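Peer 1: Take this sequence and fold it.
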Amino acid sequence: MATCAPDPLFPLEDFHDETAQKASKEHFKKPVSSEMAHEKAQSHTSTIPNSEVPSYDDGSPSDSPQIVRNKVPMRRKLLAPNPDSEEPFDAKEAQVLPEIFISNKTYTYDERVALFCDHIIGQCSAEDADEAISFYIIEKLASKRSWTAVWKTSPEVLLVNCDIGDLPFVGVLVDVNCTPCEGKSLPLRVSVSVAEPYSSNIANLPRELVEDVLREHDYSVPILDVYPIQGMGADVDNIAEYLEHARFFYDFLWRDWDDEEECDEYAGLIEKRIQLYFDIQDGTIPGPISERYRKTLEEYRSKRLDLTKFQTKIRGEALPGEAVECWKKYYEMSMLCGLLKFWEDLRLRSHGPFYPRIYKRRKGQRTSGRIVTHIVAQIMTTDMIKNFSADTLIQQHDSLSAALDSCFSGDTVVVFPGEYHAVALASLTDDISIKGEGERKEVLFYSDPSYDNFVASKASKVMLMNLTLVQHGTCDGIVVVESGQLTLDNCVLKCQGTGVCVLTGASLVMKNCEISGAKGAGVELYPGSVAELHRNEIHHCSNQLAKDSKGSQGGINLKVLPQPQLKLTDNHIHDNHGYGVTILVPDNLYKASEDLEQTASGDKNETDYLSKALQKLSLEITTNKLESNTKGDIGLLRKMWVNS
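Peer 2: Numbering: from 1, shown residues only. Predicted coordinates for the structure are as follows:
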């Protein structure tokens, strides 16, 4: 897919009339001076990406997306006080806004593909996507021309010099009139008038102020900025649903770079993004990865907006410093764009090295509702199943991978003594139990060095019992709990990389287990995680950091913002490099706290602060044995770290 490289000295604008669109496309064929660019910036408004405006409580975007991408504020008004000594508006308190219509229908992947790829986009190119969405809305507007809605707009459109706190939008009740489409013009905007009774989410918002702003724009607003209210009838509800679909397209499927590139089949690209959306929603893509993707997309949009604003400030020919800054911002934006495309490439997610972890789907229960016990053994004898009840459904497998691939939620895998290599352990998505038969030291699982994790769990409930895990070559933790709850019972974990990692929002229950040899902490708790450790032995962890006493993470490591929860009972934590239990506190928290400054300087209040920290962390330590850890039993460690 070829990428057009626009002149970063020319504003990245969007135009609605045919002449302006042609001018925009011609720009990519020849250089344009910054003076010309500034003139165009004055006659057309620039794109403000959706991510720049926060979402409402109802989940809808607070600014209309690309269908009408003129989102620079109209002209901000003073609410109070007025520094120009003008007479303030007479404020008549507005009534509370009525509820807007929100569809409760849940759409499947196939339904989304049929709607956007087949019905709306079809054979259209990315450049024609706005037009396709517009005509899709026109189909439904013909059924009802007049209705009442809430007009939502950014606070900057109406208000300055006033304290609005975290108000995400300004909403006003309006009567909407959709005029018929004539010729080739599209109803990108609709006519509105302030409805009776006057209602707003800001009680003291003057009606005269709203009327003034609407008058400046001939009482027309972007169609995706209006949200029909409930109780207007089936026709209006259908219009509201069509508008929701259009907003979904611009919020989740459209990318700002789409109409700057050549794409042979735009509907196919949209289908991949629908798949990406559902992969994120159903947890197929792990939470930490989807969160990193979301933040990168927000950063890209922020860079794009920053570039646009910088361009519009250039007067006349750009100075050398301005030109350099433009190119710098442009390439920063382009690099983020390339990274996002890399992540969005479905082939990489399907066949790349992260495939088993990212792309495996949850099966759920069998349609029959039956539960199966899978036996893993080269040869099965009647003696192996003598303890099973007569009604147990049994399936025998030669390999652990075959058994795991055949599992549905609720199944149990019984593994008989032997050595096993299990790729499928790198992505446990269904609620299953895996048990070793006999002594735990006789049932050995070896990691596959080609995968980043040995065991990665993201199901609601997974249990591993009576096993020995031997890590070879995997770069991340021997066990990573990405989401849900994992129970480790009577297992031996021989680490070569990091130990057990419990990510934000996940839960670990570990009892009667042994962890040794981890390069970092034996157990690492991320912010907001939960762990219960009972009767475990954690020893000889973090030893590779022996030369770096400040970085030693010890037996158990807790990152404290927000606080994880840890309950320890009857554990033996010994011979770790560092503390037995390390509480990792961000460096800036130390700087902001006088107590922490005293702790860092060795003040006698260290013990008091540590006690308070343990209480705040919901950390319960009873009847544990901590000994021979190089830095002591429990301690604080300052470190600069960012929770990603």
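Peer 1: So which residues of the stretch 501-644 of the chain form strands?
Peer 2: 507-511, 514-516, 523-525, 530-534, 537-539, 556-559, 565-569, 572-574, 579-586, 619-622, 625-627, 632-639 (DSSP state E, counting those that start in this stretch).
Peer 1: for the stretch 101-250 of the chain, that is, sorry about that
Peer 2: 146-153, 159-160, 170-177, 189-194, 220-222, 226-228.
Peer 1: Which one of these lies nearest to Gly517?
Peer 2: Closest to Gly517 of these is strand 146-153 (Cβ to Cβ; 56.5 Å). Where you see a C-beta, it was placed from the backbone N, CA and C, and this is true even at glycine.
Peer 1: sorry, back to before: can I get the strands of the stretch 501-644 of the chain in JSON lines with mean neighbour count?
Peer 2: What follows is the strands of the stretch 501-644 of the chain, written out as JSON lines (neighbours: other Cβ atoms under 10 Å):
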{"stretch": "strand 507-511", "mean neighbour count": "20"}
{"stretch": "strand 514-516", "mean neighbour count": "22"}
{"stretch": "strand 523-525", "mean neighbour count": "29"}
{"stretch": "strand 530-534", "mean neighbour count": "20"}
{"stretch": "strand 537-539", "mean neighbour count": "23"}
{"stretch": "strand 556-559", "mean neighbour count": "27"}
{"stretch": "strand 565-569", "mean neighbour count": "18"}
{"stretch": "strand 572-574", "mean neighbour count": "20"}
{"stretch": "strand 579-586", "mean neighbour count": "24"}
{"stretch": "strand 619-622", "mean neighbour count": "14"}
{"stretch": "strand 625-627", "mean neighbour count": "15"}
{"stretch": "strand 632-639", "mean neighbour count": "17"}
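Peer 1: Let me know which of those is the nearest to Arg440.
Peer 2: strand 514-516 (9.3 Å).
Peer 1: mean pLDDT for the strands of the stretch 501-644 of the chain: which is lowest?
Peer 2: Of all the strands of the stretch 501-644 of the chain, mean pLDDT reaches its minimum on strand 619-622 (a mean of 73).
Peer 1: Can you spell out which helices and strands pack onto that one?
Peer 2: strand 565-569 (3 or more Cβ pairs under 8 Å, 6 or more residues apart in numbering; DSSP states H and E).
Peer 1: quick one: strands adjacent to the strand it packs on?
Peer 2: Within its sheet, strand 565-569 is paired with strand 530-534 (parallel), strand 619-622 (parallel), according to DSSP bridges.
Peer 1: Which one of those strands lies nearest to Asp212?
Peer 2: Closest among the strands paired with strand 565-569, using Cβ to Cβ: strand 530-534, at 53.9 Å.
Peer 1: And the contacts of the closest one?
Peer 2: If you take Cβ atoms under 8 Å, 6 or more residues apart in numbering as the criterion, strand 530-534 is touched by 502, 506-512, 523, 525, 556, 564-571.
Peer 1: can you give me the angle that strand makes with strand 507-511?
Peer 2: 0 degrees (axes from the mean of the first three to the mean of the last three Cα atoms, to 10 degrees).
Peer 1: With distance to Val376 as new columns, can the strands of the stretch 501-644 of the chain be given to me in JSON lines?
Peer 2: Converted to JSON lines, the strands of the stretch 501-644 of the chain look like this (distance: least, Cβ to Cβ, whole Å):
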{"stretch": "strand 507-511", "distance to Val376": "23"}
{"stretch": "strand 514-516", "distance to Val376": "23"}
{"stretch": "strand 523-525", "distance to Val376": "28"}
{"stretch": "strand 530-534", "distance to Val376": "28"}
{"stretch": "strand 537-539", "distance to Val376": "27"}
{"stretch": "strand 556-559", "distance to Val376": "32"}
{"stretch": "strand 565-569", "distance to Val376": "32"}
{"stretch": "strand 572-574", "distance to Val376": "31"}
{"stretch": "strand 579-586", "distance to Val376": "37"}
{"stretch": "strand 619-622", "distance to Val376": "37"}
{"stretch": "strand 625-627", "distance to Val376": "36"}
{"stretch": "strand 632-639", "distance to Val376": "41"}
